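# all I have is the shape, not the residue letters:
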């Protein structure tokens, strides 16, 4: 319904962030950079959120979701082009230097992916562990929002802090352009804290409702939060 729009918009930003995180997770594992298939997609959200809608509400929601899809595709394409261009330029410079100093030897591997044959450092292990935890928690949050919070929100709207979901999406998008190094680590910590803030604010919004259904939703959010301890 029309009044569920704030939660729908917030959910869409989180879905974009989740897809970006899952792609990063593949790259951290040293796998080929290929399209990621998250558990929850915008198409699935569109089908679920449009249930029971009709007339202007459905039209407005459809336009909103379509705009979100178009924006996501454009942002991802621009990010891929920028990342590809940077990687190609770096590779050309490295290969050129390598050829001048050691002709006949192959150039270095793309540093954007981990070499499976090279042991990981403790820092890399810690970063990968945190990224895995954030991916799992973001996926669980989306599931709770779609299955529990959306029906409750349609009956009794509660405060939605859209700014946090937008920030979470932007942080994840920025992480995708870094992939490693101190700036990536800072973004990873920021994404961790931002996800915690989203969950805590949702729990606070639900606390004013005494219904058992709201209590179940709060418990589900609390369990997700336990997987994201303070750092």
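Received it, and whenever you're ready, just let me know what you need. Predicted model only: the values in this text are computed from it and were never measured. Numbering: from 1, shown residues only.

# give me the buried stretch members for stretch 210-217, please.
The neighbour-count check on stretch 210-217 (16 or more other Cβ atoms under 10 Å) flags 214, 217 as buried. For every residue, glycine as well, the C-beta is placed using N, CA and C.

# same question, stretch 166-176
Going by neighbour count (16+ other Cβ under 10 Å), the buried part of stretch 166-176 is 166, 167, 168, 169, 170, 171, 172, 173, 174, 175, 176.

# can you list which of these are found in helices?
Taking DSSP state H, the ones among the buried residues of stretch 166-176 that sit in helices are 166, 167, 168, 169, 170, 171, 172, 173, 174, 175, 176.

# contacting residues for the second one?
By that I understand residue 167. Residue 167 makes contact with residue 194, according to Cβ atoms under 8 Å, 6 or more residues apart in numbering.

# ok, back up a step: of the ones in helices among the buried residues of stretch 166-176, closest to residue 15?
For those, the minimum distance to residue 15 (Cβ to Cβ) is 8.9 Å, reached by residue 169.

# dump the residue contacts of that closest one.
Contact partners of residue 169, counting by Cβ under 8 Å, 6+ apart, are 13, 14, 16, 17, 20.

# dihedrals phi and psi, residue 208?
The phi/psi pair for residue 208 (degrees, to the nearest 10) reads phi -80, psi -10.

# surely it is in contact with residue 156?
No - between residue 208 and residue 156 there is no contact under Cβ atoms under 8 Å: 9.4 Å.

# okay, now the unreliable bits of the protein?
Scanning the chain with the threshold set as pLDDT under 70 gives 1-3, 30-120, 179-180.

# what segments of it are helices?
Under DSSP H, the chain gives helices at 5-28, 42-49, 55-101, 122-144, 150-155, 162-176, 182-206, 212-226.

# still on that earlier bit, any chance of the contacts of residue 169 in a markdown table, with neighbour count too?
Shown next, in a markdown table, are the contacts of residue 169 (neighbours: other Cβ atoms under 10 Å):
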| residue | neighbour count |
| --- | --- |
| 13 | 22 |
| 14 | 25 |
| 16 | 25 |
| 17 | 27 |
| 20 | 26 |
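
# ok, and the closest non-adjacent residue to residue 11?
residue 145 (5.4 Å; Cβ to Cβ, 6 or more residues apart in numbering).

# the one you found: what's it in contact with?
Residue 145 sits next to 7, 10, 11, 14, 202 when contact means Cβ under 8 Å, 6+ apart.

# neighbours around residue 134, how many?
When neighbours are counted by other Cβ atoms under 10 Å, residue 134 registers 26.

# actually residue 182, not the one I typed
Around residue 182 there are 8 residues (other Cβ under 10 Å).

# how about the contacts made by it?
Here residue 182 is in contact with no residues (criterion: Cβ under 8 Å, 6+ apart).

# how near is it to residue 189?
11 Å (Cβ to Cβ, to the nearest Å).

# give me the contacts around stretch 193-205.
By Cβ under 8 Å, 6+ apart, stretch 193-205 touches 14, 134, 137-138, 141, 145, 149, 158-161, 164-165, 167-168, 171, 218, 221-222, 224-225, 228, 230.
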